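1. Sequence first, then the predicted structure:
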Amino acid sequence: MTGRPLLLLAPGAGAPSTSPWMRRWARRLAGLGEVVSFDYPYALAGRRSPDRLPVLVAAHRAALAAARRRSPLAGAPGGEGSVPRARPVVLVGKSMGGRVGCHAALEEPPGAIAGIVCLGFPLRGQKGQLRDEVLLALRTPVLFVQGSCDALCPLADLERVRPRMTAPSSLHVVEGGNHSLEVGVRALAARSETRDDVDARALEAIAEFVRSVAA
């Protein structure tokens, strides 16, 4: 093993890294590696509308570079005298943050990103257009964590895209989940479950993926 991975956690378009959703998931993911969250320029400037994609990708890569500078190495796994290796990096993103993370991975050197975790990938745009180009270009392993009731990523659409991808992909479905992976209170009660139960299953799928790509 190369040590604890670096997990760069990117927010979605509608809320910053300080939102309750992001903070909750940052706490959960902290058991899997070092979690570093960041915000895109428009959010830092207090604007509501996201920047254009090139600006978002550049900011994503800048946040990754800064995180690597703060903690670049995983240690010397071969014992005394061996050369330390760069720690594995996993890009984790909510909605837009996952999509931008996929674009950012395309611009990184081969092998620089161990894996990508998309928490509610926005496969369909606001006008319904299919946005699969980045997935088809991707070479980095990716895990999709998707709500079964997510209008921005109908599972049937995703299942048509995945066989066409070159990158290895896996899928964890949150039954009854919306775009934020949240299940309604009545549905949870009918299943005798809590939000923590649902999140714990998603977290286990993420943990298995991180272990597989960061080994």
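-> Looks like it arrived, so ask away.

2. Contact partners for Ala104?
-> 57, 60-61, 64, 91 (CB atoms under 8 Å, 6 or more residues apart in numbering). Every residue, glycine included, has its C-beta placed from N, CA and C.

3. Kindly reformat these as a markdown table containing secondary structure and pLDDT.
-> Below are the contacts of Ala104 laid out as a markdown table (DSSP: H, G, I helix; E, B strand; the rest coil; pLDDT from 0 to 100):
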| residue | secondary structure | pLDDT |
| --- | --- | --- |
| Val57 | helix | 98 |
| His60 | helix | 98 |
| Arg61 | helix | 97 |
| Leu64 | helix | 97 |
| Leu91 | strand | 98 |
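
4. who wins for most neighbours among the residues you listed?
-> Among these, Leu91 has the most neighbours (other CB atoms under 10 Å), with 27 neighbours.

5. Gly33 versus the nearest residue to it once chain neighbours are set aside, what's the distance?
-> Leaving aside its chain neighbours, Leu91 sits nearest to Gly101 (3.9 Å; criterion: CB to CB, 6 or more residues apart in numbering). The gap separating Gly101 from Gly33 is 15 Å, by CB to CB, to the nearest Å.

6. These two: which is more packed in?
-> Taking other CB under 10 Å, Gly101 and Gly33 do not tie; Gly101 has more neighbours (31 against 21).

7. The more buried one in helix, strand or coil?
-> helix (DSSP: H, G, I helix; E, B strand; the rest coil).

8. Check the offset of the helix or strand containing Glu159 from the chain's centre.
-> If you go by DSSP states H and E, Glu159 is part of helix 155-161. Helix 155-161 sits 18 Å away from the centroid of its parent chain (CA atoms, centre = their mean, to the nearest Å).

9. just stretch 101-114 next, same as before
-> Distance, stretch centre to chain centre, for stretch 101-114: 13 Å (CA atoms, centre = their mean).

10. Could you give me the buried positions within it?
-> Neighbour counts over stretch 101-114 (16 or more other CB atoms under 10 Å) mark 101-105, 113-114 as buried.

11. Glu107 is in contact with Arg61, correct?
-> Yes - Arg61 is within contact range of Glu107, at 6.4 Å (criterion: CB atoms under 8 Å).

12. where's Gly101 relative to Val142, distance?
-> For Gly101 relative to Val142 (CB to CB), the value is 9 Å.

13. let me fix that: Pro54
-> In this view, Pro54 and Val142 are 21 Å apart by CB to CB.

14. now Phe38
-> 20 Å.

15. And for Arg69?
-> Arg69 sits 25 Å away from Val142, going by CB to CB.

16. returning to that earlier point: which of Pro54 and Val142 has more neighbours?
-> Set Pro54 next to Val142 and count neighbours by other CB under 10 Å: Val142 wins out with 27 against 9.

17. Show the contacting residues for the residue nearest the centre of the chain.
-> Closest residue to the average C-alpha location of the chain: Val92 at 2.3 Å, with CA atoms, centre = their mean. By CB under 8 Å, 6+ apart, Val92 lies in contact with 7-10, 29, 98, 101, 116-117, 119, 206.

18. Now render these as TSV, adding pLDDT.
-> Shown next, in TSV, are the contacts of Val92 (pLDDT from 0 to 100):
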residue	pLDDT
Leu7	98
Leu8	98
Leu9	98
Ala10	98
Leu29	98
Gly98	98
Gly101	98
Ile116	98
Val117	98
Leu119	98
Ile206	98
